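# no sequence on this one, just coordinates:
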């Protein structure tokens, strides 16, 4: 598994973390560890600078907002990442799990008011893996709801963006299946295979 960083300004501004926990090192620094719904991989956050236990929303030194989804827990991918980076982020010190101490009801689900949450065009583009200009086109074509904020920029409902992302993934899979079926029906794969040179075991033994 590859380990990579998310510099400030790169990646989603809001991270929804599943199977999460909070780790604290001897130097006092705390970090979120869990599975990111946006990037679909294990994640260790930058240092936590603010945390609201009631809403389970925190902010890190990178400026990102982390929303802890569902119950606390353990994720194999996240543990792998934490194992690789803990010596660096913890200055080689020991750590402990402080999830229950900071959020006593960490094993109970808290309703996420995602329908009221909004995001920017750039953040929506990263969630959808498209260009910001394409997001604006979707808004103009009324395929994505949006409102104009007082600063003049669009604000989009997070739930609507995530729903469209899931829909796009289904459509992409269906399109790929149709393409493979059409190619197979035309016999293109078969033609390519027939054109490959045949190597007998005797030929391989002579190499």
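Received the coordinates, thanks. Predicted model, so just to flag it, every value in this text is computed and none were measured.

# list the buried residues for the biggest helix by length in the chain?
Ranked by residue count under DSSP state H, the longest helix found in the chain is helix 158-186. For helix 158-186, burial by neighbour count (16 or more other CB atoms under 10 Å) applies to 158, 159, 160, 161, 162, 164. Every C-beta, even on glycine, is put in place using the N, C-alpha and C of the backbone.

# can you put those residues in CSV and add pLDDT and distance to residue 68?
Formatted as CSV, the buried residues of helix 158-186 follow (pLDDT from 0 to 100; distance: CB to CB, whole Å):
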residue, pLDDT, distance to residue 68
158, 85, 15
159, 84, 17
160, 88, 22
161, 89, 20
162, 87, 17
164, 92, 24
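
# any chance of TSV for these, columns distance to residue 34?
Output for those, formatted as TSV (distance: CB to CB, whole Å):
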residue	distance to residue 34
158	18
159	20
160	24
161	21
162	17
164	24
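
# list the neighbouring strands of the helix or strand harbouring residue 51 plus their orientation.
When secondary structure is defined by DSSP states H and E, residue 51 falls within strand 48-52. Strand 48-52 sits in its sheet next to strand 57-60 (antiparallel), going by DSSP bridges.

# what mean pLDDT does the partner strand have?
When pLDDT is averaged over strand 57-60, the result is 94.

# from the rest of the structure, what touches it?
Applying CB atoms under 8 Å, 6 or more residues apart in numbering, the external contacts of strand 57-60 come out as 32, 45-52, 65-68.

# select only the buried ones of those residues in ChimeraX?
Buried residues among the contacts of strand 57-60 (16+ other CB under 10 Å), as a ChimeraX selection:
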select :32,45,46,48,51,65,66,67,68
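
# dump the contacts of strand 57-60 into a markdown table; add pLDDT as well.
Supplementary listing: these in a markdown table, determined by pLDDT from 0 to 100:
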| residue | pLDDT |
| --- | --- |
| 32 | 98 |
| 45 | 96 |
| 46 | 95 |
| 47 | 96 |
| 48 | 97 |
| 49 | 96 |
| 50 | 95 |
| 51 | 94 |
| 52 | 93 |
| 65 | 94 |
| 66 | 95 |
| 67 | 93 |
| 68 | 94 |
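
# list the helices and strands the longest helix of the chain packs on?
The helices and strands touching helix 158-186, judged by 3 or more CB pairs under 8 Å, 6 or more residues apart in numbering; DSSP states H and E, are strand 118-119, helix 121-128.

# out of the ones you listed, which gets nearest to residue 92?
Within the helices and strands packed on helix 158-186, the stretch nearest residue 92 is helix 121-128; the backing value is 33.4 Å (CB to CB).

# any idea which helix or strand comes after the closest one?
Later in the chain than helix 121-128, the nearest helix or strand by DSSP H and E is helix 132-140.

# return the distance of that next one from the chain's centre.
Between the mean C-alpha location of helix 132-140 and the chain-wide mean there is a distance of 21 Å, by CA atoms, centre = their mean, to the nearest Å.

# relative to helix 158-186, how tilted is the top strand by length along the chain?
For the chain, the longest strand by residue count, based on DSSP state E, is strand 14-25. Relative orientation of strand 14-25 with respect to helix 158-186: 110 degrees, computed using axes from the mean of the first three to the mean of the last three CA atoms, to 10 degrees.
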